[in-house]
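1. model this:
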Amino acid sequence: MKMMETGNLLLHDGFNNTVWQSFDHPTDKLLPGQKLLAGQKLVASISKTNVSEGDYSVSLTSKGHLRLYDHNSKSADMLRDYVNECDYPTSCGNYGLCSNGRSRPEECMHLLPIFMQKAKQNQLIDMVDRSNEVMQLCKSEVVEMMKVAIWCLQSNYTRRPSMSKVVKVLEGNMDVEADLDYSIHNATTTAAIRKAAEQATTAPLSPFILSGPR
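-> As a prediction, the model looks like this:
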């Protein structure tokens with residue numbers, strides 16, 4: 001057992017591997033460097049001298065909302081007056097981008113069309129995560145990987161590369177095919193067929209669907 005300078009209490013096994021740490025189990029407060037993850041909560045103590053669980057708690061929801069709960073399970077969004085709804089990480093779904101109330105076609109609210117548009121404009125570097133230091137140091141390699149992804153996402157499945165070609169590109173022995181198609185065809189058909197499949201109805205599957213991204 002070891003207490004770190006940060007206040008994190010670590011429990012090690014015989015091989016010095018960390019098997020438990022207090023930072024993973026927040027109680028009534030967070031220490032500097034400690035994270036509050038989705039599903040975790042902070043529960044206020046009854047008083048300074050009584051550390052039993054009190055009536056109020058703070059929890060982080062899966063959509064990034066920080067909510068305050070009372071003993072009747074009534075809740076309030078603590079960041080409502082400071083954070084726009086579209087600033088929460090997954091308010092529009094795991095792969096959706098908010099439109100901030102503007103009227104936009106549904107296909108423009110998702111990542112793939114934006115990704116393809118950036119590729120068409122030769123601006124894939126804009127898609128590199130600015131908060132990731134490793135990706136920033138390897139921008140050219142990241143952009144090359146995105147080009148490989150676009151090649152694999154060609155609407156015409158006959159233009160998609162074989163696995164051997166992908167490996168050659170990754171090894172630097174082959175370039176990504178030029179003049180790629182950046183459009184996204186059959187979006188409506190794809191959505192309709194997948195919806196029918198989810199509803200357990202029969203629908204003919206085209207090669208585009210069978211070999212499309214999952």
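
2. pLDDT on the longest strand seen in the chain, on average?
-> The longest strand of the chain (DSSP state E) is strand 53-60. For strand 53-60, mean pLDDT is 87.

3. in its sheet, what does the following helix or strand past it sit against?
-> The element immediately downstream of strand 53-60 (helix or strand, assigned by DSSP states H and E) is strand 66-69. According to DSSP bridges, strand 66-69 has the following sheet partners: strand 53-60 (antiparallel), strand 75-77 (antiparallel).

4. mind listing what's buried in strand 66-69?
-> Residues of strand 66-69 classed as buried: 66-67, 69 (neighbour count, 16 or more other C-beta atoms under 10 Å). (Glycine included, C-beta is placed from N, CA and C.)

5. about what we covered before: out of the strands paired with strand 66-69, which one sits most buried?
-> Ranked by mean neighbour count, the strands paired with strand 66-69 are led by strand 53-60 with a mean of 16 (mean count of other C-beta atoms under 10 Å).

6. returning to that earlier point: need the buried residues of strand 66-69 in JSON lines with distance to Pro26 and pLDDT, can you?
-> Formatted as JSON lines, the buried residues of strand 66-69 follow (distance: C-beta to C-beta, whole Å; pLDDT from 0 to 100):
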{"residue": "Leu66", "distance to Pro26": "13", "pLDDT": "84"}
{"residue": "Arg67", "distance to Pro26": "15", "pLDDT": "87"}
{"residue": "Tyr69", "distance to Pro26": "15", "pLDDT": "90"}
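
7. so can I have CSV of the residues you listed showing distance to Ser22?
-> CSV is the format used below for the buried residues of strand 66-69 (distance: C-beta to C-beta, whole Å):
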residue, distance to Ser22
Leu66, 21
Arg67, 23
Tyr69, 23
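
8. and Leu112, how close does it get to Val166?
-> The gap separating Leu112 from Val166 is 19 Å, by C-beta to C-beta, to the nearest Å.

9. higher neighbour count, those two?
-> Under the criterion of other C-beta atoms under 10 Å, the comparison of Leu112 against Val166 puts Val166 first, with 17 against 13.
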